[in-house]
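>>> just a sequence and a predicted model for now, questions to come.
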2 protein chains.
Amino acid sequence: MVETDKRELIIKGAIKRFAHFGVNKTTMAEIAEDLSFSKPALYYYFPDKQNLIIAVAEKLISEYLLEVESNLQLSAEPEAALIDLIDLRRNFSQKYFMLYIGDEHSEAYLKNKAFKDLMRKAKEKEVSIISVCLQKGIQKGRFKTIDTMKMAELFLDTLKGLRVCMLMENSPFPNADSFELLLNKQKEVAQLFINGIKNYGDGRADTK
Amino acid sequence: MVETDKRELIIKGAIKRFAHFGVNKTTMAEIAEDLSFSKPALYYYFPDKQNLIIAVAEKLISEYLLEVESNLQLSAEPEAALIDLIDLRRNFSQKYFMLYIGDEHSEAYLKNKAFKDLMRKAKEKEVSIISVCLQKGIQKGRFKTIDTMKMAELFLDTLKGLRVCMLMENSPFPNADSFELLLNKQKEVAQLFINGIKNYGDGRADTK
DNA sequence: CTTTGACTAATTAATTCAAAAAGTCAGAAG
DNA sequence: CTTCTGACTTTTTGAATTAATTAGTCAAAG
């Protein structure tokens, strides 16, 4: 495939615009112009803007989840994998930061049922990936026997909570410093989380 | 004091209105009417609405912090105290739920410098109270030697993060079920947190 | 099957204006 | 002098109107 797939081109063009200006400050006409397409051409491939947004989200999510999975397979230690995950998330959310910024109008796109379903499935997938990581830790005898799905979800919710909190306080545009602060807090809590599920068979708590 | 302190009466009257309808749906005239005061009487005691709001916040915060402190002194075990704290927070945020709900206009009051300073100090105070609790745990040999201030802040940030997250998803009016869900998540994460800082001198991790 | 120019319909942004709320003040009451 | 009020002014908000932008359509052409 020499990337003549118009549909794919449109998605990529949309991502560029969305990443720069956000979903609401990007018009369908602009996306078309960038590609030297006509507007109806876009509507030939996508029924409406909402579906284009969903297609974009699908692409970015699968891209992200692939990264998460390969990261998990690369790192030998499950503890390290969980910490690395935080960097991965940071990179992703910085790269596509504008997608997170929503004025009151963008909420309509976010409240769309299909979109919410997509996000829900993405979360489920991420939870199950992390769950596998925790299972590996258990098998290696490094983690206690726990409900891995529940713990994985709790882990993600905690990370998300810290981010949302930061985003609220520094809205709408957090600076680089607050991003660093967030990263540190997330890593601290992740370390604590790891300590909390660690199996101290040797009788000594990790004091690191 | 037979509660003839007008200033105090005004604050109490404002709390009633604020708790029912929120800050923005409460007018100074209404607060005055409730108390059979004239509006200028309010302005005799408070320079403006913002300062009344700050006085209300001060009162509620000191009330809350007193509860937190007495709760901490009552419970013998530091672990239990941390878990109890979550119930305390829940009770408080349910009681004054309307104060949390802000439309776009209420943000002006929240962004006020004096108000933010107040909230910052309140957080510092709460952090130091929890820090004391952690120190007691360390002295008793139940917790590892840790930076108690840092850990206390992390603990609070995590709880807040989970709440903010829930509030976003179920905005503007979370139902009773999502409150329960939040409570459970907060307790799970608190338990994990406790496990993470526990001193397993006996060579066995708490599997509870 | 694709694509387009020229269209319509729906949304958003800007403007206006009336109503509501915040805040003021000269002076009264104790 | 301290506390309070009725009658005010100023500021803010909300609804209504309109203009402009943007989403989305369609008949027809390549």
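Yep, it's here. Residues are numbered from 1 along each chain as shown, chains lettered A, B, ... in the order given.
>>> contacts for stretch A:170-184, please.
When contacts are defined by CB atoms under 8 Å, 6 or more residues apart in numbering or on different chains, stretch A:170-184 is touched by residues A:86, A:87, A:90, A:94, A:101, A:162, A:163, A:166, A:167, A:169. C-beta: built from backbone N, CA, C; applies to glycine.
>>> actually stretch A:10-29, sorry about that
For stretch A:10-29, contacts defined as CB under 8 Å, 6+ apart pick out A:30-31, A:34-35, A:37, A:39, A:42-43, A:45-46, A:49, A:52-53, A:55-56, A:59-60, A:95-99, A:101-103, A:105-106, A:109.
>>> which ones among the residues you listed also lie next to DNA strand D?
Applying CB under 7 Å from any atom of the strand, the subset of the contacts of stretch A:10-29 adjacent to DNA strand D comprises A:39, A:43, A:49.
>>> least trustworthy helix or strand in chain A by mean pLDDT?
helix A:97-100 (a mean of 82; mean pLDDT, DSSP states H and E).
>>> can I get stretch A:146-164 as CSV, trimmed to CA atoms?
Output of stretch A:146-164 as CSV, limited to C-alpha atoms (Å, rounded to 0.1, in the frame of the first residue of the first chain):
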residue,chain,number,x,y,z
ILE,A,146,-3.9,-9.9,44.0
ASP,A,147,-6.9,-9.2,41.8
THR,A,148,-4.8,-8.1,38.8
MET,A,149,-7.6,-6.5,36.8
LYS,A,150,-8.8,-4.5,39.8
MET,A,151,-5.3,-3.4,40.7
ALA,A,152,-4.5,-2.4,37.1
GLU,A,153,-7.6,-0.3,36.9
LEU,A,154,-6.9,1.3,40.2
PHE,A,155,-3.4,2.1,39.0
LEU,A,156,-4.6,3.8,35.9
ASP,A,157,-7.3,5.7,37.7
THR,A,158,-4.8,7.0,40.1
LEU,A,159,-2.5,8.2,37.4
LYS,A,160,-5.4,9.8,35.5
GLY,A,161,-6.6,11.4,38.7
LEU,A,162,-3.3,13.1,39.3
ARG,A,163,-3.2,14.4,35.8
VAL,A,164,-6.8,15.7,35.8
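>>> which residues of chain A fall in helices?
A:6-21, A:28-34, A:39-45, A:49-74, A:78-95, A:97-100, A:106-111, A:113-139, A:148-169, A:176-197 (DSSP state H).
>>> and the fifth one, which residues are buried?
Neighbour counts using 16 or more other CB atoms under 10 Å in any protein chain shown place A:78, A:79, A:81, A:82, A:84, A:85, A:86, A:88, A:89, A:90, A:92, A:93 of helix A:78-95 among the buried residues.
>>> that helix versus helix A:148-169: what angle between them?
Interaxial angle, helix A:78-95 versus helix A:148-169 (axes from the mean of the first three to the mean of the last three CA atoms, to 10 degrees): 40 degrees.
>>> the least confident helix or strand of chain A vs chain B: in contact?
No: using CB under 8 Å from any CB of the partner chain, helix A:97-100 stays clear of chain B, coming no nearer than 11.8 Å.
>>> tell me the contacts of whichever residue of chain A sits closest to chain B?
Residue of chain A nearest chain B, by CB to the nearest CB: residue A:161 (2.5 Å). Going by CB under 8 Å, 6+ apart, residue A:161 touches B:158, B:160, B:161, B:162, B:163, B:164, B:165.
>>> quick one: the closest residue to it other than its chain neighbours from DNA strand C, how far?
In this structure, residue A:161 finds its nearest non-sequential neighbour in residue B:161, 2.5 Å apart by CB to CB, 6 or more residues apart in numbering or on different chains. Distance check for residue B:161 against DNA strand C: by CB to the nearest atom of the strand, to the nearest Å, it reads 30 Å.
>>> one step back: could the contacts of stretch A:170-184 be laid out in a markdown table, adding pLDDT?
Formatted as a markdown table, these follow (pLDDT from 0 to 100):
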| residue | pLDDT |
| --- | --- |
| A:86 | 96 |
| A:87 | 95 |
| A:90 | 93 |
| A:94 | 89 |
| A:101 | 74 |
| A:162 | 96 |
| A:163 | 93 |
| A:166 | 89 |
| A:167 | 85 |
| A:169 | 85 |
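>>> re earlier: now that we have the ones next to DNA strand D among the contacts of stretch A:10-29, which one has the most neighbours?
Highest neighbour count within those, by other CB atoms under 10 Å in any protein chain shown: residue A:49, with 17 neighbours.
>>> give me the nearest residue to it, chain neighbours excluded.
Excluding the flanking residues, the one nearest residue A:49 by CB to CB, 6+ apart is residue A:28, at 5.9 Å.
>>> how much space between the one you found and residue A:86?
36 Å (CB to CB, to the nearest Å).
>>> can you check residue A:69 too?
Counting by CB to CB, the gap from residue A:69 to residue A:86 is 16 Å.
>>> do residue A:113 as well
In terms of CB to CB, residue A:113 sits 31 Å off from residue A:86.
>>> likewise for residue A:110?
For residue A:110 relative to residue A:86 (CB to CB), the value is 24 Å.
>>> same deal with residue A:39?
Following CB to CB, the distance that separates residue A:39 from residue A:86 is 41 Å.
>>> for residue A:95, same thing?
15 Å.
>>> what comes up buried for stretch A:169-187?
Within stretch A:169-187, the residues scored as buried using 16+ other CB under 10 Å are A:174, A:179, A:182, A:183, A:185, A:186, A:187.
>>> using PDB, write out every CA atom in that stretch.
Coordinates of each C-alpha in stretch A:169-187 appear next as PDB, following Å, rounded to 0.1, in the frame of the first residue of the first chain:
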ATOM      1  CA  GLU A 169      -5.300  23.800  38.600                       C
ATOM      2  CA  ASN A 170      -3.200  25.000  35.700                       C
ATOM      3  CA  SER A 171      -6.000  25.300  33.200                       C
ATOM      4  CA  PRO A 172      -6.100  25.900  30.400                       C
ATOM      5  CA  PHE A 173      -2.400  25.800  29.700                       C
ATOM      6  CA  PRO A 174      -0.100  24.000  32.100                       C
ATOM      7  CA  ASN A 175       3.500  24.900  31.800                       C
ATOM      8  CA  ALA A 176       6.500  22.600  31.400                       C
ATOM      9  CA  ASP A 177       7.200  22.800  35.200                       C
ATOM     10  CA  SER A 178       3.800  21.500  36.200                       C
ATOM     11  CA  PHE A 179       4.200  18.700  33.700                       C
ATOM     12  CA  GLU A 180       7.400  17.700  35.500                       C
ATOM     13  CA  LEU A 181       5.800  18.000  38.800                       C
ATOM     14  CA  LEU A 182       3.000  15.700  37.700                       C
ATOM     15  CA  LEU A 183       5.500  13.200  36.300                       C
ATOM     16  CA  ASN A 184       7.300  13.100  39.600                       C
ATOM     17  CA  LYS A 185       4.100  12.600  41.600                       C
ATOM     18  CA  GLN A 186       2.900   9.900  39.300                       C
ATOM     19  CA  LYS A 187       6.200   8.100  39.700                       C
END
